[in-house]
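J.: need a 3D model of the following:
(chains A and B)
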Amino acid sequence: MRESAQRTAPCALARVAAAAGLIALALPAAVHAQGIGGTLGGFNVQRRVYYGAVVYEQTGLMYGAAGSVGLGPVLVEAGTLMGTLKGDGSPANRDADVRATAVRIQLAIGPWTRLGAQVEARRFEADAGVTVWRMIGAAAHVEPGLGMAGLRGFADVSVLPSSSVTDGPKLKVALQVAAGASYSPPRSPLSLRLGYRFERYDIEASGLTGERFEQFRGIVVEAGIGLGRQTGRSER
Amino acid sequence: MALLLAAALAPRALAQGDAAALIGRARQYLDEFNADSAAALLERALAPSSQLTSAQRVRASVLYGVAQLTRGNASAARLAFRSALQLSPTERVDSLAFLEPDNLLREFNTERAAVAPVAAAPGAPTATARLAVQADFPADTTLEVSEGRLPITPRPSRRADAVVAVGPADVPTVVLWSDTLEAGGSGALGWNLRGPEGALVAPGRYALRVTAVDSAGEVSATIERVLVVSRIVADTQPLPAPLLPSAFAPETLLIRRGSPGAVLAGAGLGAFAALLPTALGRTELNKGLSGDGTAYAVAASVTVAGLVGFLGGHRTRYLPENAQRNAELRQSDAASRAAIAAANAQARENAPVRVRLERSGP
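T.: The predicted structure is shown next:
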């Protein structure tokens, strides 16, 4: 397990570097973009893992940042989230450092609806070694207005069927869902966002290891700044 | 090409060398039967500001007369020939006869007879008085554009034809209009204030020249008066002031409540958040757990946000009947302005013309 993780770590780093490179390449375009934005946020995570008929639980705060560039109807978002999830200290449930890096490209198909693709790498580092998940799939975003200028609801759904553990088994189910509300004061570039995030991953059995189910859930709080017109948002 | 050349040379006075070149070039145009271009060059050469020698002026006047004959403007041709003969009474044009074989010699010799002093027949009584001419016309009058005519009544000192010509005051060789009152005729000639092409002359100064020629060929001295032509300011209507915003009805109605859909959206998203762990979570992971309190907290927040949005928000409703009425008002205003503008343009076009005699002194 550790050897496998060690082999895959450079690959994950390469992918993160590639994502960063993509963002860097997109920065000149941001000069001409219709809108650019950035957020800082935290995810108060409860991670639960079912393996061998036992449920292990870890909790912790993941924090991170994301940036976005709107080019006409296209919105490109990239972000990272990292933190330490603490287990109960037993050999089977040690603390784990988690880092998730995702890039999402979406196309506005309505005043408050976007569809697109998502690529994400999630790295787990514990005493037992390093594990990297690679997830690719579709993402949808709806953001209806809630009747008052700047007040909006939102729901994000990402279905990531082409997912696997690096050099390991496939993820039978990889699903990320979030819902909540956001508020941008009128004539202000600032925004606040409160949501509930739920993630589910079903990892198929491989060799001698049985099936493994994981879920991440918790409150997400973000503060952001946006300049220019934000793609896929209707003005009210 | 020649017209362009003439236009290019127009702004400055011509030196003798330039004038000689122009006259030579005009002569070439006459050989090429291009009388219009020749006339254009010669008009520049004969301009009062040109520094021509006497010989050059005679040559240019003769060629200009030939050009005008070719163009069918006999009056202008005779004036040009007369100018040449007054400077050089023995001038001959036989070598140019091939350019205008039908008329040149006849017209030129007619003018020669008119300019030359009349030889008294042996034994005949000597004329007691030279032929003279006067002209009567209004010193200051206003004429309608469409049918107005400036009445000009020539009065020779004795029975003679009277030739009246009008041209730009600063280009003596150009004749815009001319007419002849036959000997013994009465009444007035009428200038319709238009040039040879029928267009109303531009405001400016024009020379009125009157000459009498009797049956014996004696020509009177030409009298010249300067007429100032100007347009009377038309009586136009002012355009109405632009429509004020208050003239338009509001095209949207502000409703001081958010859309009921906001409540539904907030409640829907709240319920979605609250149900996420149950709906999407695996039983193996959530068995024995009560619901996720954080999910409920977020669900409640989103639901409240929807309510706040509904109660504190506002929306607008489009009022198509007002928009239609405003569009009709704009169209009506535009049509009214266009009609006034057209009427004003018509009034300016038809504005009367004032013609007054320019006094030479105070």
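
J.: strands of the stretch 51-200 of chain B, residue ranges please.
T.: B:133-136, B:140-143, B:150-156, B:161-168, B:177-181, B:189-191 (DSSP state E, counting those that start in this stretch).

J.: what lies in contact with the second one?
T.: Pointing back at strand B:140-143 there. Outside strand B:140-143, the residues that touch it by Cβ atoms under 8 Å, 6 or more residues apart in numbering or on different chains are B:R149, B:L150, B:L193, B:I232, B:P352, B:V353, B:R354, B:V355, B:R356, B:L357. Every C-beta, even on glycine, is put in place using the N, C-alpha and C of the backbone.

J.: quick one: the closest residue to the first one other than its chain neighbours and B:G167, what's the gap?
T.: Looking back up the chat, that one is B:R149. Once flanking residues are discounted, B:R149 sits nearest to B:G190: 3.2 Å by Cβ to Cβ, 6 or more residues apart in numbering or on different chains. B:G190 sits 17 Å away from B:G167, going by Cβ to Cβ, to the nearest Å.

J.: higher neighbour count, those two?
T.: Set side by side, B:G190 and B:G167 show more neighbours around B:G167, with 22 against 16, by other Cβ atoms under 10 Å in any protein chain shown.

J.: re the thing from before, and the residue nearest to B:R149, what are its bridge partners?
T.: B:P151 (DSSP bridges).

J.: that one against B:P138, yeah?
T.: No: between B:G190 and B:P138 there is no contact under Cβ atoms under 8 Å: 11.6 Å.

J.: between the two, which contacts overlap?
T.: B:L150, B:P151.

J.: hang on, the earlier thing: including neighbour count and pLDDT, could the contacts of strand B:140-143 go into CSV?
T.: Converted to CSV, the contacts of strand B:140-143 look like this (neighbours: other Cβ atoms under 10 Å in any protein chain shown; pLDDT from 0 to 100):
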residue, neighbour count, pLDDT
B:R149, 14, 91
B:L150, 22, 93
B:L193, 22, 92
B:I232, 12, 90
B:P352, 16, 91
B:V353, 19, 93
B:R354, 15, 93
B:V355, 22, 94
B:R356, 15, 94
B:L357, 15, 92
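
J.: next secondary structure after whatever helix or strand A:I109 lives in?
T.: Assigned by DSSP states H and E, A:I109 belongs to strand A:96-110. Next in sequence after strand A:96-110, counting helices and strands by DSSP H and E, comes strand A:113-126.

J.: helices and strands around that next one, which ones?
T.: helix A:2-32, strand A:96-110, strand A:129-142, strand A:151-165 (3 or more Cβ pairs under 8 Å, 6 or more residues apart in numbering or on different chains; DSSP states H and E).

J.: apply 10 Å and report the result again.
T.: Here strand A:113-126 touches helix A:2-32, strand A:74-85, strand A:96-110, strand A:129-142, strand A:151-165, strand A:171-183, going by 3 or more Cβ pairs under 10 Å, 6 or more residues apart in numbering or on different chains; DSSP states H and E.

J.: pull up the pairing partners for it, direction included.
T.: strand A:96-110 (antiparallel), strand A:129-142 (antiparallel).

J.: minimum distance to B:D36: which of the strands of the stretch 51-200 of chain B has it?
T.: strand B:161-168 (17.2 Å; Cβ to Cβ).

J.: put the alpha carbons of that closest one into PDB.
T.: Output in PDB follows, covering the C-alpha atoms of strand B:161-168 (Å, rounded to 0.1, in the frame of the first residue of the first chain):
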ATOM      1  CA  ASP B 161     -30.300  97.400 -80.200                       C
ATOM      2  CA  ALA B 162     -29.600  97.100 -76.500                       C
ATOM      3  CA  VAL B 163     -27.600  94.200 -75.200                       C
ATOM      4  CA  VAL B 164     -27.900  93.400 -71.500                       C
ATOM      5  CA  ALA B 165     -25.600  90.800 -69.900                       C
ATOM      6  CA  VAL B 166     -25.100  89.600 -66.300                       C
ATOM      7  CA  GLY B 167     -22.100  87.800 -65.000                       C
ATOM      8  CA  PRO B 168     -20.100  87.400 -61.800                       C
END
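
J.: buried stuff in that strand?
T.: Neighbour-count burial for strand B:161-168 flags B:D161, B:A162, B:V163, B:V164, B:A165, B:V166, B:G167, B:P168 (criterion: 16 or more other Cβ atoms under 10 Å in any protein chain shown).

J.: beta partners for the third one?
T.: Which is B:V163. Bridge pairing for B:V163 - DSSP bridges - gives B:T180, B:T211.

J.: surely B:G198 touches B:L176?
T.: No: look at B:G198 against B:L176 with Cβ atoms under 10 Å: they stay out of range, at 11.0 Å.

J.: neighbour-wise, which of the two wins?
T.: B:L176 (20 against 7).

J.: contacts only, for the more buried one.
T.: Contacts for B:L176 (Cβ atoms under 10 Å, 6 or more residues apart in numbering or on different chains) come out as B:76, B:165-168, B:191, B:193-197, B:199, B:201, B:206-207.

J.: tally of neighbours for residue 182?
T.: Just going to use chain A. 21.

J.: hmm, I had chain B in mind actually
T.: B:E182 has 9 neighbours, counted by other Cβ under 10 Å.

J.: and for the one 3 residues further on?
T.: For B:G185, the tally of surrounding residues (other Cβ under 10 Å) stands at 12.

J.: so who does the residue nearest the centre of chain A touch?
T.: In chain A, the residue lying closest to the centroid (Cα atoms, centre = their mean) is A:A102, at 5.6 Å. Taking Cβ under 10 Å, 6+ apart, we find A:A102 in contact with A:19, A:64, A:66, A:77-81, A:118-122, A:135, A:139, A:158, A:160, A:176.

J.: alpha carbons of stretch B:36-54, as CSV, please.
T.: Output of stretch B:36-54 as CSV, limited to C-alpha atoms (Å, rounded to 0.1, in the frame of the first residue of the first chain):
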residue,chain,number,x,y,z
ASP,B,36,-14.9,73.5,-72.2
SER,B,37,-11.4,72.8,-70.9
ALA,B,38,-10.0,75.7,-73.0
ALA,B,39,-12.6,78.1,-71.6
ALA,B,40,-11.9,77.0,-68.0
LEU,B,41,-8.1,77.7,-68.4
LEU,B,42,-8.7,81.0,-70.2
GLU,B,43,-11.0,82.3,-67.5
ARG,B,44,-8.2,81.8,-65.0
ALA,B,45,-5.8,83.5,-67.4
LEU,B,46,-8.1,86.5,-67.8
ALA,B,47,-8.9,86.9,-64.2
PRO,B,48,-8.3,90.5,-63.0
SER,B,49,-5.5,89.4,-60.7
SER,B,50,-3.5,87.9,-63.6
GLN,B,51,-0.4,89.7,-64.6
LEU,B,52,-0.8,89.5,-68.4
THR,B,53,0.9,91.6,-71.0
SER,B,54,-1.3,93.4,-73.4
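
J.: pull out the buried positions in the helix or strand where B:L329 lies.
T.: Assigned by DSSP H and E, B:L329 falls within helix B:320-349. Neighbour counts over helix B:320-349 (16+ other Cβ under 10 Å) mark B:N326, B:N344 as buried.
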